[in-house]
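>>> Have a look at this prediction, sequence included:
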Amino acid sequence: MGTPGQPMDDNQFRAWKTQLVPLLYDWFSHHNLTWPSQACRWGRQLEDAQYRTKSRVYISEQTDNPQTEPPKLIVLDVDLVKPRVAATEVVATWSELARCPYIRETKTIIHPGEVNKIREVADCPDVVVTHTDAPELYVWNTATQPNMTKEKGKEWGQSVADAKLIGHEKDAQFPLATCKTAPLVASGGEDKLLLLWDLRDVQDSLLAKWDKDAEHKTTVIEQRQKLKGHRKTVEDLVFQPNSTTSLASVGDDAQVLLWDTTSGNSPIAAIEKAHGSCDVHTVDWNGHREHLIVTGAADGSLKVWDRRKLPASGTDAAGAVHVYNYHTEAIMRVEWHPTEAAVFASGGEDHLVVIWNIDRAQQAAGSKSASRDAPPEVLFKHVGHRAGKVVDFQWCPDSPWTMMSVSDNTTEGPEGEGSSSKSGGGTLQVWRISDLLYRPEDEVVAELEAHREWILTGREAPKVTRKPRQPKQDKEAAAAASGAAAPAAVAPAAPAEVAVKAPEQPAPAAAAAQAPQQEVNPEQEQQQQLEQQQQQQG
């Protein structure tokens, strides 16, 4: 519903929410934000009950006047209903302007500048690193940071970061990555540099509890390594999964650079003009097929690269094994699925989050069901953020097909002034698509076949109950109890009567279709006669 680059109008959105959401989604939470958010990130799982889980979530809050309403890092608790549990009414009954009861703010941290990116730290589940419009990065232990609230008539207080990472020579706004196997941090900036830090240098102080009576000071950490290779601003970077030394980065110089920190401070491979002359905005590394890397660019294009096929000279983009031009505006984020090797997601300024399966190109070859409007690799298109551009999203690591996404719903006024749209400053959505959309086709067909009557007519098919055959001794006992003389033997019914006698309950297929009575087939007649002869002999 709707086309790329053209969000739904009110009528389309109402129909999508009430008619399609219950069919396409297994879970859906919509949370209106007063201020726009630029970043979202899953934290650790807090509870795991029978029908739901509770997880920690971090989002940013971007304000328009830091003097009266400072930027914030918000800590949330999110209740997530487990697959195949939520009722249709819960999934489809929500308002664009409302806050979701399953999403609750638990802590506010006042941040020195807007939060542009959030990343969690390995082995420290409550510690996150943030990027802002400054050369410094900040490290926060969200478990020990105090909750900042504003008392009436007083100004906001100021949170004190647990650590500050220094080394950039100019602002480092967005490129931020943390290693999954060690507490390592990497960052890029306008200085064209990639810097690396190791938080193990100050891990004890990061995890220490606050002394309320003592002044809390921020620990300053200098970079361990400085990498040079980009010619313009670095836009994004990522560690290779399960590696502490391999990285990929992209930038406004249209390059994709690969790094091995043990081989020096220069890139080991480069792809020039990866998306033509466009700025490359985002990159992610496949955790299951580690030769694959996906990138997204300012023109809305996506490319999947095979490291094994990169040209030795690095002067062309011959290593791209998949190229997609489905998005109509700039790509802001890409991420591979945590458990499915062929699946990744992309989000951008066209208000969409698109889920791709790169293996579907071969599966869909020659298929008549392929969409004319979308490549066969498009598995799903999330259109819930109709009010603004999608700026960030993440797969849930504890519920692999569950997604969290945020959009910036502000629009530019005639004089460049920020003005919120009717749905508020931003939108946070937590959603999980139905497993009928990605499970093997034969499994899905078998499951739907059991509900054919309801799907076609909206009515449950009548349950077919067959009356059990009454043994001869039970009939004799019943006759004796009623005072009647039990017959010595039960005379068999005439074959002609069996041939025309309809069963007491219709067959399942006949019941579902309410078909008229039909003659008994000769094989059925012969079987009934054989059963009666066996009863008579018994």
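Looks like it arrived, so ask away. Residues are numbered from 1 along each chain as shown.
>>> CA atoms for contacts and neighbours, from now on please.
Fine.
>>> ok, Leu80 touching Ala49?
No: with contact defined as Cα atoms under 8 Å, Leu80 does not count as touching Ala49 (10.2 Å).
>>> who has more neighbours, those two?
Taking other Cα atoms under 10 Å, Leu80 and Ala49 do not tie; Leu80 has more neighbours (23 against 9).
>>> what are the bridge partners for that one, then?
Per DSSP bridges, the residues bridged to Leu80 are Thr53.
>>> hang on, the earlier thing: any shared contact partners between Leu80 and Ala49?
Common neighbours of Leu80 and Ala49 (criterion: Cα atoms under 8 Å, 6 or more residues apart in numbering): none identified.
>>> Quick one: residues contacting Leu23.
So Leu23 contacts Ser434 (Cα under 8 Å, 6+ apart).
>>> Now do the same for it: helix, strand or coil?
Per DSSP: H, G, I helix; E, B strand; the rest coil, the secondary structure class of Leu23 is helix.
>>> now it: how far from Ile433?
9 Å (Cα to Cα, to the nearest Å).
>>> now Ala134
Using Cα to Cα, Ala134 is found at 38 Å from Ile433.
>>> Between those two, tell me which one has more neighbours.
Ile433 (21 against 16).
>>> Who does that one form a beta bridge with?
Residues in a beta bridge with Ile433, per DSSP bridges, are Tyr25.
>>> Next one: it relative to Val353, how far apart?
When distance is defined by Cα to Cα, Ile433 is 12 Å away from Val353.
>>> okay, now Arg200: neighbour count?
Number of residues near Arg200 (other Cα under 10 Å) recorded here: 12.
>>> dump the residue contacts of it.
Contacts for Arg200 were tallied using Cα under 8 Å, 6+ apart; they are Pro183.
>>> Need the three-state assignment for it.
Going by three-state DSSP: Arg200 is helix.
>>> I'd like the distance between it and Leu184.
Between Arg200 and Leu184 the computed distance is 8 Å (Cα to Cα).
>>> mind checking how far stretch 289-302 is from the chain centre?
Distance of stretch 289-302 from the chain centroid (Cα atoms, centre = their mean, to the nearest Å) equals 18 Å.
>>> now do stretch 242-255
Worked out by Cα atoms, centre = their mean, stretch 242-255 lies 24 Å from the chain centre.
>>> Okay, helices next: where are they in this protein?
Using DSSP state H, the helices found in the chain span residues 10-15, 21-24, 88-92, 203-207, 360-363, 441-449, 452-457, 472-481, 495-500, 508-513, 522-537.
>>> who does the residue nearest the centre of the chain bridge with?
By Cα atoms, centre = their mean, the chain has its centre lying nearest to Met403, at 2.2 Å. Beta-bridge pairing for Met403 (DSSP bridges): Trp395, Trp431.
>>> mind listing what it touches?
Neighbours of Met403 in contact, by Cα under 8 Å, 6+ apart: 393-396, 430-432.
>>> ok, the nearest residue to His288 once chain neighbours are set aside - how many residues close by?
Nearest residue to His288 in three dimensions, chain neighbours excluded: Ala341, at 5.3 Å (Cα to Cα, 6 or more residues apart in numbering). A total of 17 residues lie near Ala341 under the criterion other Cα under 10 Å.
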